[in-house]
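>>> The following comprises the amino acid sequence and a computationally predicted model.
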Amino acid sequence: MNFNYYIPTRLLFGKGKLNELHQQSLPGGKALIVISSGKSTRENGYLARVEEQLDLAGIKHCVFDKILPNPIKKHVMEGASFARDNQCDFVIGLGGGSSIDAAKAIAVMATNEGDYWDYVNGGTAKGKTVPNQPLPIIAVTTTAGTGTEIDPWTVTTHEDNSEKIGFGYDALFPVIAVVDPDLMLTVPPTLTAYQGFDALFHSTEGYIAKVANPISELYSLKAIELIGKSLVKAVADGRNENARADVALANTLSGMVESTSCCISEHSLEHALSAYHHQLPHGAGLIMISLAYYKKLIDKGACPDRFIAMAKALGKSEATDPMDFVAALAKLQEDCHVAHLKMSDYSIEKNNLRKYAVNSRRTMGGLFDLDPVNLTEEDCIDILTESYR
């Protein structure tokens, strides 16, 4: 019963809310719109709709479109240079978590000298204090996975060092977040599942973390409940507006969990995998290791009452044992058709599992300090070994 609470983002949530962006008090006169290198943002008309909103508000704009599914430092630096060259005074992240995360990192480097890795903490990064305020950020999310639209965190990969590290501080909260489920109707079933499980794990991790508090617990359990209720429906029928809205709200609540509690070492382990294998979707990596990860925590005696509460929130109303959560999680993966995922399909080799365990602690070891029980390096290897297929 002793905690701090700070989420300063103005949230526009609901069907059609993108149409209200031009009515907001926008934080500058020229926007850099950051999107992915893929085709969907343009082909689905989302970029044109954001540009229309800016035109209605009398705001100039330009587009940076190089962002990869796992954003890399090179593109952060290129985007920051592009923002300066075009005299942009705020940044809009449009798309999934990768575009919004990249927009945050670009906002930092657009106003600061040196290299982005000068300011990140962990691995070979230097952990310097950021001297200048970043450009203001607006987040328009077209997926339901990371919750980054409502939190101050961003994840970037140093492509030369195989380091994928989260970074953030209060100035990286977006000033405005638009969560319009209509923008998510075109997400394919597999990506819907990957993203939904990412949101789920933000809440499950935040619920059992050492720093969980009454506010984060409320957000966590509601997000878990919404995903248990509607993720299978959204995967089965992407045009189901009610299911999309439920999962979108779960995602945003999970971002609020990250703002008031935290992720724990499940994310450290996955980041180590996708740091070396950029083609591995973050949500897929989390799914692969999740059952073994939570089994390990339960076997080590971690917060049994909380695992029972999470099982009930996922829909297993009769839960009485912590392992009921693992059973509910396994069923959800089966029902979303993602229980078959294999590390070997992404060129992950079993004889390298120790390397990933070491990397997870070297780059994002701080998250291990927030785990409800102590996980050793050997525990991490056990988790990866049991997960390997």
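Arrived safely.
>>> Where do the strands of the stretch 51-200 of the chain begin and end?
In the stretch 51-200 of the chain, strands defined by DSSP state E, counting those that start in this stretch lie at 60-67, 90-95, 137-141, 153-158, 163-168, 176-179, listed in chain order.
>>> Mind checking the pLDDT average for the fifth one?
Put plainly, it is strand 163-168. If you average the pLDDT over strand 163-168, you get 97.
>>> One more: the shortest one?
What strand 176-179 shows for mean pLDDT is 98.
>>> Which residues does that strand contact?
By CB atoms under 8 Å, 6 or more residues apart in numbering, the list of residues contacting strand 176-179 from outside reads 9-14, 17-18, 21, 24, 26-27, 138-141, 149-150, 248-249, 251-252. Where you see a C-beta, it was placed from the backbone N, CA and C, and this is true even at glycine.
>>> Surely Leu56 is in contact with Glu20?
No. Leu56 is not in contact with Glu20 according to CB atoms under 8 Å; the separation is 10.5 Å.
>>> ok, back up a step: just put the strands of the stretch 51-200 of the chain in CSV and tack on distance to Tyr356.
Formatted as CSV, the entries for those read as follows, by distance: least, CB to CB, whole Å:
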stretch, distance to Tyr356
strand 60-67, 24
strand 90-95, 28
strand 137-141, 29
strand 153-158, 14
strand 163-168, 11
strand 176-179, 33
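>>> Of the ones you listed, which is nearest Lys300?
Between Lys300 and these, the tightest spacing by CB to CB is seen for strand 163-168, at 24.2 Å.
>>> so what pLDDT did Asp85 get?
Residue-level confidence at Asp85 comes out at 98, pLDDT.
>>> May I have the one helix or strand Val235 maps to as PDB, with CA atoms only?
Following DSSP states H and E, the helix or strand that holds Val235 is helix 214-236. Backbone C-alpha positions of helix 214-236 (Å, rounded to 0.1, in the frame of the first residue of the first chain) are rendered in PDB as follows:
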ATOM      1  CA  PRO A 214      -3.100  -2.300  -6.000                       C
ATOM      2  CA  ILE A 215      -3.500  -0.200  -9.200                       C
ATOM      3  CA  SER A 216      -1.300  -2.400 -11.400                       C
ATOM      4  CA  GLU A 217      -3.100  -5.500 -10.000                       C
ATOM      5  CA  LEU A 218      -6.500  -4.100 -11.100                       C
ATOM      6  CA  TYR A 219      -5.200  -3.400 -14.600                       C
ATOM      7  CA  SER A 220      -3.500  -6.800 -14.800                       C
ATOM      8  CA  LEU A 221      -6.500  -8.900 -13.900                       C
ATOM      9  CA  LYS A 222      -8.900  -7.000 -16.100                       C
ATOM     10  CA  ALA A 223      -6.500  -7.300 -19.100                       C
ATOM     11  CA  ILE A 224      -6.100 -11.100 -18.400                       C
ATOM     12  CA  GLU A 225      -9.800 -11.400 -18.200                       C
ATOM     13  CA  LEU A 226     -10.400  -9.600 -21.500                       C
ATOM     14  CA  ILE A 227      -7.800 -11.700 -23.300                       C
ATOM     15  CA  GLY A 228      -9.300 -14.900 -21.900                       C
ATOM     16  CA  LYS A 229     -12.700 -13.800 -23.100                       C
ATOM     17  CA  SER A 230     -12.000 -12.500 -26.500                       C
ATOM     18  CA  LEU A 231      -8.500 -13.300 -28.000                       C
ATOM     19  CA  VAL A 232      -9.700 -16.600 -29.500                       C
ATOM     20  CA  LYS A 233     -12.700 -14.800 -31.100                       C
ATOM     21  CA  ALA A 234     -10.400 -12.100 -32.500                       C
ATOM     22  CA  VAL A 235      -8.100 -14.800 -34.000                       C
ATOM     23  CA  ALA A 236     -11.000 -16.700 -35.500                       C
END
